[in-house]
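[1] Below are the sequence and a predicted model; questions follow.
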Amino acid sequence: MISDIQFQKELDIIITNAIREDVGDGDHSSLACIPATATGRAKLLVKDNGILAGVDFAKQVFAYVDPNLEIEVFLQDGTPVKYGDVAFHVSGSSQSILKAERLVLNAMQRMSAIATKTKKYVDILEGTGTKVLDTRKTTPGIRAIEKWAVKIGGGENHRFALYDMVMLKDNHIDFAGGITQAITKTHEYLKANNLDLKIIVEARDLDEVREIIANPGVHRILLDNFDYKQTREAVELIGNYCQTESSGGINEDTMRHYADCGVNYISSGALTHSIYNLDLSLKAF
């Protein structure tokens, strides 16, 4: 993953761009009927069951829109919530609260859905030692908050983007002329460019696993679309050579079985691309 400093920069970009997109040259609905001096307060109301996520992000949004807004938090990120719970109160300029409202809700609803699904996967794997990983199958422009939500739900982050880890997948391997060629060229490239990046290599079958472990310097082998028997054999072959990761169509019904095969990680794009927003609302009171 990227550094905390870079991650915060990504959050700042999300907030700046989202407010630009939503507010434009002004929130004319609020400007038209609410005096600039008017103050009020609103509560973040939970209308669903799940894991709350995005409270800390909401605080950043409110601070960006209006540093004078005050937020009183009652429920922290990662808290199990139910219908009727109140996560926080926000008070101050009524125009500012309304300007921030849509970004806060859009982000928190999606983040909470991701955290809820992640927690479900983590619970399924409890006791196995296998960890849940996200992927790059995220919504363009808001990857940082989606990966943040995975962490809130108890999962782990895979690489953030193309620049913070090397992952040699099937197309890379085929274009490079084979597994050994791809790994060798990667080591040469990293050395020539003074880059310290971990290398993950995808295997499509056991023969490719054997070829990968014949090469030095691989951090993790990605076992893509292996069945249970192949996964167990692969884990035994790999031993202590490097970490192992299963992926490819793994779901709630099958992930425990893959974990029982002994892999270190299971990655799932569904954590971020197949979720339904948790119902939340911001209500004046």
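    Structure's in. What do you need?

[2] longest helix of the protein?
    helix 94-124 (DSSP state H).

[3] From the contact counts, what lies against whatever helix or strand comes next after it?
    Counting by DSSP states H and E, the next helix or strand C-terminal to helix 94-124 is strand 131-133. Contact partners of strand 131-133 among helices and strands, from 3 or more C-beta pairs under 8 Å, 6 or more residues apart in numbering; DSSP states H and E: helix 94-124, strand 265-267. C-beta coordinates here come from the backbone N, C-alpha and C atoms, glycine included.

[4] distance between strand 131-133 and the chain's centre?
    11 Å (C-alpha atoms, centre = their mean, to the nearest Å).

[5] Likewise for stretch 59-67?
    Using C-alpha atoms, centre = their mean, the offset of stretch 59-67 from its chain centre is 22 Å.

[6] Show me which residues of it are buried.
    By neighbour count on 16 or more other C-beta atoms under 10 Å, the buried set for stretch 59-67 is 59, 60, 61, 62, 64, 65, 66.

[7] any idea which helix or strand carries the closest residue to the fifth one other than its chain neighbours?
    By that I understand residue 64. Leaving out its chain neighbours, the residue that sits closest to residue 64 by C-beta to C-beta, 6 or more residues apart in numbering is residue 15, at 5.1 Å. Following DSSP H and E, one finds residue 15 within helix 4-23.

[8] relative to helix 94-124, how tilted is that helix?
    130 degrees (axes from the mean of the first three to the mean of the last three C-alpha atoms, to 10 degrees).

[9] Residues touching helix 4-23, excluding its own?
    Applying C-beta atoms under 8 Å, 6 or more residues apart in numbering, the contact partners of helix 4-23 are 1-2, 57, 60-61, 64-65, 99-100, 102-103, 106-107, 141-145, 148, 160.

[10] hmm, 7 Å instead?
    60, 61, 64, 65, 99, 102, 103, 141, 142, 144, 145 (C-beta atoms under 7 Å, 6 or more residues apart in numbering).

[11] Mind giving me the packing neighbours of the helix or strand harbouring residue 43?
    In this structure, residue 43 sits in strand 39-46 according to DSSP H and E. Strand 39-46 is packed against strand 86-93, helix 94-124, strand 280-284, with contacts defined by 3 or more C-beta pairs under 7 Å, 6 or more residues apart in numbering; DSSP states H and E.

[12] hmm, 10 Å instead?
    When contacts are defined as 3 or more C-beta pairs under 10 Å, 6 or more residues apart in numbering; DSSP states H and E, strand 39-46 sits against strand 70-73, strand 86-93, helix 94-124, strand 280-284.

[13] Put the alpha carbons of the lowest-mean-pLDDT helix or strand in the chain into PDB.
    Counting by mean pLDDT, DSSP states H and E, the chain has its least confident helix or strand at helix 270-273, which shows a mean of 94. Once non-C-alpha atoms are left out, helix 270-273 reads as follows in PDB (Å, rounded to 0.1, in the frame of the first residue of the first chain):
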ATOM      1  CA  ALA A 270     -16.800  -8.300  -4.900                       C
ATOM      2  CA  LEU A 271     -15.900  -6.300  -1.700                       C
ATOM      3  CA  THR A 272     -16.000  -3.100  -3.800                       C
ATOM      4  CA  HIS A 273     -17.800  -3.800  -7.000                       C
END
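
[14] Sweet, I'm off.
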